[in-house]
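Visitor: could you look at this predicted model? Sequence included:
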Amino acid sequence: KQEVTQIPAALSVPEGENLVLNCSFTDSAIYNLQWFRQDPGKGLTSLLLIQSSQREQTSGRLNASLDKSSGRSTLYIAASQPGDSATYLCAASLYTDKLIFGTGTRLQVFP
Amino acid sequence: DTAVSQTPKYLVTQMGNDKSIKCEQNLGHDTMYWYKQDSKKFLKIMFSYNNKELIINETVPNRFSPKSPDKAHLNLHINSLELGDSAVYFCASSLMQGEMDEQFFGPGTRLTVL
């Protein structure tokens, strides 16, 4: 049974810091791994998708890596800004295309 | 130009009532999903439909019945609502492209059962 966990559960940092959010999964037989952002009271916004055959994906200040053999994915946020404050969710896609979500990391970036 | 939309955004109702949540996507996707986010913010899949056919049912009580009239719509009907059904329900859609598959989510429907 696939389980996805995220560390840390919460993170509070000053503006400008580079951040690392961690996601681990127990079953390496995944199609892909997606990172989402959820603002309070809002839906999920897809940030990055890494296919199982890829090692990393980049979008602006965001970079996500995937290591299937160790069951880990990492989201790097460079030069964090207050607007980055949100909950970040990783989700592993199984062969049926259903997403198994992690527990989330609640990020607060203060000025 | 909303991609995945849900109605209503908020739903407050009494225990025992029957209610429906509607979902529509204009992305041309052939697969749609319902997820539930509980009070601890944990998201879990409930159902998925591909071309109007059920492909995933994650042991959801049969009080929950999804209905897909066409590829662009997946509605969720809930009978005999219970207190534990209070949650945020998210609809999502995708093209089901294997490892390139990316799911897009609606804004959510916050259901409160009193």
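Guide: Ah, there it is.
Visitor: run a quick neighbour tally on the residue nearest to B:S20 when sequence neighbours are not counted.
Guide: Of all residues not flanking B:S20 in the chain, B:H77 sits nearest, at 4.7 Å (Cβ to Cβ, 6 or more residues apart in numbering or on different chains). Any C-beta I mention is one placed from the backbone N, CA and C, and that applies to glycine too. Using other Cβ atoms under 10 Å in any protein chain shown, B:H77 has 14 neighbouring residues.
Visitor: quick check: bridge partners of B:Y10?
Guide: Counting by DSSP bridges, B:Y10 forms beta bridges with B:R110.
Visitor: tell me the pLDDT at it?
Guide: Among the per-residue scores, B:Y10 holds a pLDDT of 96.
Visitor: burial of it, as a residue count?
Guide: B:Y10 has 10 neighbours, counted by other Cβ under 10 Å.
Visitor: what's the spacing between A:N63 and B:K22?
Guide: In this view, A:N63 and B:K22 are 37 Å apart by Cβ to Cβ, to the nearest Å.
Visitor: re earlier: figure out the helix or strand that the residue nearest to B:S20 lives in.
Guide: strand B:73-78 (DSSP states H and E).
Visitor: my guess is B:H73 contacts B:S20. True?
Guide: No. If you go by Cβ atoms under 8 Å, B:H73 and B:S20 don't touch, sitting 11.6 Å apart.
Visitor: between those two, who's got more neighbours?
Guide: B:H73 (16 against 13).
Visitor: ok, now how distant is that one from chain A?
Guide: 18 Å (Cβ to the nearest Cβ, to the nearest Å).
Visitor: OK, contacts around that residue?
Guide: Residues in contact with B:H73 (Cβ atoms under 8 Å, 6 or more residues apart in numbering or on different chains) are B:K22, B:C23, B:E24, B:Q25, B:M32.
Visitor: 6 Å - rerun?
Guide: B:E24 (Cβ atoms under 6 Å, 6 or more residues apart in numbering or on different chains).
Visitor: and what of A:N18?
Guide: Per Cβ under 6 Å, 6+ apart, neighbours of A:N18: A:A78.
Visitor: how far away from the center of its chain is whichever strand or helix holds B:V12?
Guide: Assessed by DSSP H and E, B:V12 sits inside strand B:10-13. Here strand B:10-13 shows a centroid-to-chain-centroid distance of 15 Å under the convention Cα atoms, centre = their mean, to the nearest Å.
Visitor: hey, which helix or strand in chain B has the poorest pLDDT?
Guide: Lowest by mean pLDDT, DSSP states H and E among the helices and strands of chain B is strand B:53-57, with a mean of 82.
Visitor: now for that strand, which elements pack on it?
Guide: Packing partners of strand B:53-57 (3 or more Cβ pairs under 6 Å, 6 or more residues apart in numbering or on different chains; DSSP states H and E): strand B:43-50.
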